[in-house]
Each structure stands twice: as C-alpha cells, then as structure tokens.
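Colleague: Below: sequence and its predicted model.
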Amino acid sequence: MIGPRAKLARGSDADVYAFQLTGGPEACMAARDAVAACDGQLPAATRHDVLLLLSELVANAVRHAGVGPDRYLRVELRRWPRRVRVEVIDPGGQFAPVRPRPIDDEPGGWGLVLVERIAARWGVGHGAPGNRVWFEVEV
C-alpha cells in the first residue's frame, strides 16, 4: 500500500519508478507494496524475484545502515524490455562490500547470497546521499 510511508513518483521516462519510505520493521513490506502497485507489466517469475531481492536490500539498509522509522531510504526501479534494475539508497556511511555468504552461527546472512544467486548483476556504490546497492534481473 502506498501511503504516508512511501511516496511514488513516476520519472519523465515511463519505465522509471522511484519512491522514498521510512525505515524500521515495516520498510520491507512498504517497499514491496509500492513496487507491486506501480508495476503490472513484469512476468510473474520476474516480479517474484524483484520483490524478494528488494526485500533483502531494504532489510540490509534497515539493519546495517540503521535506517529506522525516523530516517528515509529511496528505491528506484528501472525497466527496460529485457531487464529490470532496482536500487536501494540509504543514508548510511560508506562500507566495503564483501563476498556474500551466510554466517553459520548467526540467524540471517542470506540476503546478498540470494542477490548473487538470483540477480544477473549486482553491485554497491557510495556517494551522496549514501550507499547505493543495486541488482538487475533479466525479463
């Protein structure tokens, strides 16, 4: 549901969607709802992959960048005929990406493992306003 927590803005290119939402425990659901509301053209399998990986990146921003209910993160989705790119931008400090692997003794740790296994490409950048983690899936 797009409400006060997520604002959808359509870019000048009809294939670009961007929105900002507050962090915290409801951020993943708000991000999935916003993408589902703006996209009716992706095949079901691609949509499921996009929503799963988006949830993982938003959860990482909430957990590792400290994006709580009092802070915002931004999601950008770009759709081309044969691929979709999703970026999650958080205000956190710079970090060095590591090879994704779950930590055996701790819960969680599967987010970037899933991104690496499902996405065709993914990466991390840093600049204003903070970290930018992205992935691309083929349609």
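Modeller: Okay, I see it. Since we're looking at a predicted model, the values are computed, not measured.
Colleague: Helices of the chain, start to end?
Modeller: 27-38, 44-64, 111-118 (DSSP state H).
Colleague: can you put these in JSON lines and add distance to residue 138 and mean pLDDT?
Modeller: No exception for glycine: its C-beta is placed from N, CA and C like everyone else's. Formatted as JSON lines, the helices of the chain follow (distance: least, C-beta to C-beta, whole Å; pLDDT from 0 to 100):
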{"stretch": "helix 27-38", "distance to residue 138": "17", "mean pLDDT": "90"}
{"stretch": "helix 44-64", "distance to residue 138": "8", "mean pLDDT": "91"}
{"stretch": "helix 111-118", "distance to residue 138": "10", "mean pLDDT": "89"}
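Colleague: For these, give me JSON lines that also has distance to residue 126 and mean neighbour count.
Modeller: JSON lines is the format used below for the helices of the chain (distance: least, C-beta to C-beta, whole Å; neighbours: other C-beta atoms under 10 Å):
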{"stretch": "helix 27-38", "distance to residue 126": "20", "mean neighbour count": "20"}
{"stretch": "helix 44-64", "distance to residue 126": "13", "mean neighbour count": "19"}
{"stretch": "helix 111-118", "distance to residue 126": "16", "mean neighbour count": "17"}
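Colleague: could you dump the ones you listed to JSON lines with distance to residue 133?
Modeller: Listed next are the helices of the chain as JSON lines, based on distance: least, C-beta to C-beta, whole Å:
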{"stretch": "helix 27-38", "distance to residue 133": "13"}
{"stretch": "helix 44-64", "distance to residue 133": "5"}
{"stretch": "helix 111-118", "distance to residue 133": "8"}
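Colleague: Among these, which comes closest to residue 81?
Modeller: Evaluated over these, closeness to residue 81 peaks at helix 44-64, with 12.1 Å, by C-beta to C-beta.
Colleague: tell me what the closest one is packed against?
Modeller: helix 27-38, strand 72-79, strand 83-90, helix 111-118, strand 130-138 (3 or more C-beta pairs under 8 Å, 6 or more residues apart in numbering; DSSP states H and E).
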